[in-house]
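*Asks:* Prediction below, plus the sequence it came from.
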Amino acid sequence: MQESEQHVQAQRELMAQRNEELACLRARNIKAPAGFLPNQGCVNCVIPMKDGALVVPHFVQYRGDGSVKMVAGREPGEPVYISEIHLAPDYSRIPTDPMGPWFLQLLTRAAAGFNALAEATHELPNWEPYVEIIHYQKWEQECRQIDAEISELTGRCAILQEAIDNCRGQLEAAGVPFMLCNLKGRTGLPHGQGYPCRG
């Protein structure tokens, strides 16, 4: 419990720092780089400064691949940082509410339901839930594709095993082991010489 309280306190301090820096930014009137937006709760990442301090970025740009470009926004010409976005757990909500069936249906069912869920999370001020939803869909589709490939390979393997069993039965029924009983006990036959050709 103490760890969760510390995490909540750290998040509050970061938010207070960001609000204070946003106020300073407005006072200095530093403009966002081209393509960047003001970070109004979009991400909670921190980036390093020259003095060793960690600050929440003032300007951000979503890259569309689950990562974000970030600029501190304290002075012109600052470096651009790139980070993956991850959804952090909310430790202030303990015990965690279970995922409702309605949410799970939207998350895992037809495209229309998932699209509605993705659109709703896209409208949230924080980008992290949207990224997590997209990750879920991508990985679930990949898992389904692998399951389908496994099913196909399992079916092909079953057909081949049946063919092997039939072939073994034919060899036994035709008495081929009896015809070649002189090879019995000779396991050290030469390898790599190919099969003899007939005709």
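*Replies:* Now that the structure is in, tell me what you want to look at. Numbers count the residues shown, from 1 in each chain.
*Asks:* Quick one: the strands in this protein, in order.
*Replies:* With DSSP state E as the criterion, the chain has strands at 37-38, 47-48, 54-55, 59-62, 67-71, 81-84.
*Asks:* Pairing partners for the first one, with directions?
*Replies:* Strand 37-38 sits in its sheet next to strand 59-62 (antiparallel), going by DSSP bridges.
*Asks:* can you give me the offset of the strand it pairs with from its chain's centre?
*Replies:* Its chain's average C-alpha position is 21 Å from that of strand 59-62, according to CA atoms, centre = their mean, to the nearest Å.
*Asks:* any idea of the mean pLDDT for that strand?
*Replies:* For strand 59-62, the mean pLDDT works out to 86.
*Asks:* got a list of contacts for it?
*Replies:* Counting by CB atoms under 8 Å, 6 or more residues apart in numbering, the neighbours of strand 59-62 from elsewhere in the structure are 32-33, 35-39, 42-43, 68-71, 73, 127. C-beta here means a position set from N, CA and C on the backbone, and glycine is covered the same way.
*Asks:* Are any of the residues you listed buried, and if so which?
*Replies:* For those, a burial check counting by 16 or more other CB atoms under 10 Å picks out 32, 36, 39, 42-43, 68-71, 73, 127.
*Asks:* how close does the residue nearest the centre of the chain sit to M70?
*Replies:* Nearest to the mean C-alpha position of the chain, by CA atoms, centre = their mean, lies H135 at 4.8 Å. Distance check for H135 against M70: by CB to CB, to the nearest Å, it reads 20 Å.
*Asks:* one step back: and the buried ones among the contacts of strand 59-62, which two are the farthest apart?
*Replies:* Across the buried ones among the contacts of strand 59-62, no pair lies farther apart than G73 and W127, at 17.2 Å, counting by CB to CB.
*Asks:* where's T108 relative to R74, distance?
*Replies:* Looking at T108 against R74, where the rule is CB to CB, the gap reads 44 Å.
*Asks:* So which of those two has more stuff around it?
*Replies:* Neighbours per residue, other CB atoms under 10 Å: of T108 and R74, the larger number sits with R74, 16 against 12.
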